[in-house]
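J.: Next one to model:
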Amino acid sequence: MPGYIEDRWMTKRPDPATGKRRRTALYGKGKRYKVAGIPGVRSRSFHQLHGEVGATKWLARAQADADRGEFYDPRSGKIPLRTYFLQEYWPHQTGDPSTLQTIKSRIENRILPYLGDVELAGIKVPQLRKYLADLDASYGASAIIEAWGTLSSILQAAVDDERLPKNPCSAKTVRPPSKPERKARAWAKDRVVAVRAGLDARFQVTIDLGVGAGLRQGEVLGLAVTDVDFATETIHVRRQVRVVHGKPVYSLPKGGKIRTVPLPRALAVRVQRHLDAYPPAKVTLPWLTPDTPETEKQEREWAPQTHDLIVSGEKGGLLRRTVFNEGPWKRALVEAGVIPPPPARVKGSRRNTKHAAAPDDGFHALRHTFASVQLDARESIVAVSRWLGHADPSITLKIYAHMMPEADGRGRQAMDAWFDGQPG
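T.: The predicted model follows:
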């Protein structure tokens with residue numbers, strides 16, 4: 001088998017005159033025994049204290065592990081998690097820029113401050129238990145679960161890079177908290193009407209598109225006049241507006257799924273009425289990322305696009321999501337009695353007071369309402385899933401199963417009919 005042990009202190013061949021091995025120039029310096037010659041395995045040296053026996057045992061084990069393709073060098077794990085992340089893991093990550101931005105922020109805020117200075121080989125179950133306890137002091141279950149999944153992905157990459165023998169996050173005795181069950185909540189019709197009435201007239205169509213077509217907020221902000229086909233009564237959801245590195249960009253809808261949804265006649269009337277009152281805004285944004293292209297491929301794929309957007313800001317340009325959510329939307333929620341008005345500003349203070357948080361009453365509630373109406377009308381779960389842009393109907397069922405109407409005894413009646421006339 002390949003591999004050998006070299007005594008660095010003594011010559012390999014004996015002295016012809018004395019028959020004894022002679023001392024080398026390295027005698028007494030550094031580690032004495034060196035194991036080398038195993039393909040794909042970095043050489044390793046042993047101190048005199050461990051002797052040739054220790055080197056022999058390591059050689060045999062390394063040869064066997066290398067033959068099975070399972071060799072792991074403990075020295076490879078002696079690199080801090082932060083260094084591994086910055087130098088080896090993150091530079092080679094590719095994908096959607098916005099998603100990468102979210103993941104990097106999660107790593108920098110919820111992983112590296114706790115484990116960044118720990119060597120990969122030092123991240124074991126006890127360290128992970130403490131990590132979860134530390135996170136629990138500052139974050140909710142959902143944030144902890146996201147951080148845990150990202151950490152597990154990084155450590156699995158370290159396993160694949162042969163820096164760890166196994167992923168410690170796979171241990172059965174340490175687990176993140178269970179995700180609390182949160183059922184999607186649809187708005188009652190009177191709340192939709194009240195919030196719409198509380199919005200500035202130029203923004204009321206956003207409510208109509210959210211409830212009437214199930215569009216996500218970014219899809220509403222990126223909807224162009226050419227996407228609405230009044231003749232065929234359909235809406236083509238081709239893009240969304242999202243923020244990458246603090247700047248707005250166009251991109252495909254969530255999951256990269258372009259879709260077509262029905263355009264109810266009542267919604268068509270409201271969209272046309274809006275366009276008559278507020279002409280479309282011609283908005284040019286980069287595609288996918290605001291970064292400067294470095295290759296011809298990037299220059300081609302990230303080229304800016306111009307669209308005549310149906311919804312625009314108060315000055316006629318792009319309506320920014322944060323401006324809308326913290327301004328017109330929150331004011332409309334106050335007008336509708338959904339949230340209380342913000343506290344009065346303290347006299348002499350320059351600080352603006354903030355509206356109350358409304359995690360269950362954001363724009364996404366309109367999408368839930370669309371799904372609720374469709375399912376209550378006994379529309380096919382497959383069709384609703386397609387209109388919502390879900391990857392699979394099972395996702396729609398998981399989110400909205402509690403909204404599906406009762407069978408009203410139809411199942412029992414069907415079985416009675418099936419049994420009718422059969423011998424008892």
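
J.: Please enumerate the helices of the stretch 51-200 of the chain.
T.: 51-68, 81-84, 97-110, 112-115, 125-136, 141-160, 189-198 (DSSP state H, counting those that start in this stretch).

J.: so residue 289, which of the three states?
T.: Following DSSP: H, G, I helix; E, B strand; the rest coil, residue 289 is assigned to coil.

J.: residues in contact with the nearest residue to it once chain neighbours are set aside?
T.: Leaving aside its sequence neighbours, residue 289 sits nearest to residue 97 (C-beta to C-beta, 6 or more residues apart in numbering; 4.1 Å). Backbone N, C-alpha and C define where each C-beta goes, glycine included. The contact partners of residue 97, by C-beta atoms under 8 Å, 6 or more residues apart in numbering, come to 244, 245, 288, 289, 291.

J.: are any of those residues buried, and which?
T.: 244, 288, 289 (16 or more other C-beta atoms under 10 Å).

J.: what sits against the second one?
T.: The one in question is residue 288. Counting by C-beta under 8 Å, 6+ apart, residue 288 touches 96, 97, 244, 249, 250, 251, 301, 302.

J.: Dump stretch 108-117 to PDB, keeping only the CA atoms.
T.: Only the C-alpha atoms of stretch 108-117 are listed here, as PDB (Å, rounded to 0.1, in the frame of the first residue of the first chain):
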ATOM      1  CA  GLU A 108     -23.200  38.200  10.200                       C
ATOM      2  CA  ASN A 109     -25.800  38.900  12.900                       C
ATOM      3  CA  ARG A 110     -27.000  35.500  14.200                       C
ATOM      4  CA  ILE A 111     -24.000  33.200  13.600                       C
ATOM      5  CA  LEU A 112     -20.600  34.800  13.500                       C
ATOM      6  CA  PRO A 113     -21.000  36.900  16.700                       C
ATOM      7  CA  TYR A 114     -21.600  33.600  18.600                       C
ATOM      8  CA  LEU A 115     -19.400  31.100  16.900                       C
ATOM      9  CA  GLY A 116     -17.200  33.000  14.500                       C
ATOM     10  CA  ASP A 117     -14.000  32.700  16.600                       C
END
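
J.: pLDDT score assigned to the residue nearest the centre of the chain?
T.: When C-alpha atoms, centre = their mean is applied to the chain, the residue found nearest the centroid is residue 99 (5.7 Å). Note on residue 99: pLDDT of 90.

J.: quick revisit: identify, from the contacts of residue 288, the entry nearest to residue 373.
T.: Closest approach to residue 373 among the contacts of residue 288 (C-beta to C-beta): residue 251, at 28.1 Å.

J.: Which strand residues bridge the closest one?
T.: For residue 251, the beta-bridge assignment (DSSP bridges) gives partners residue 240.
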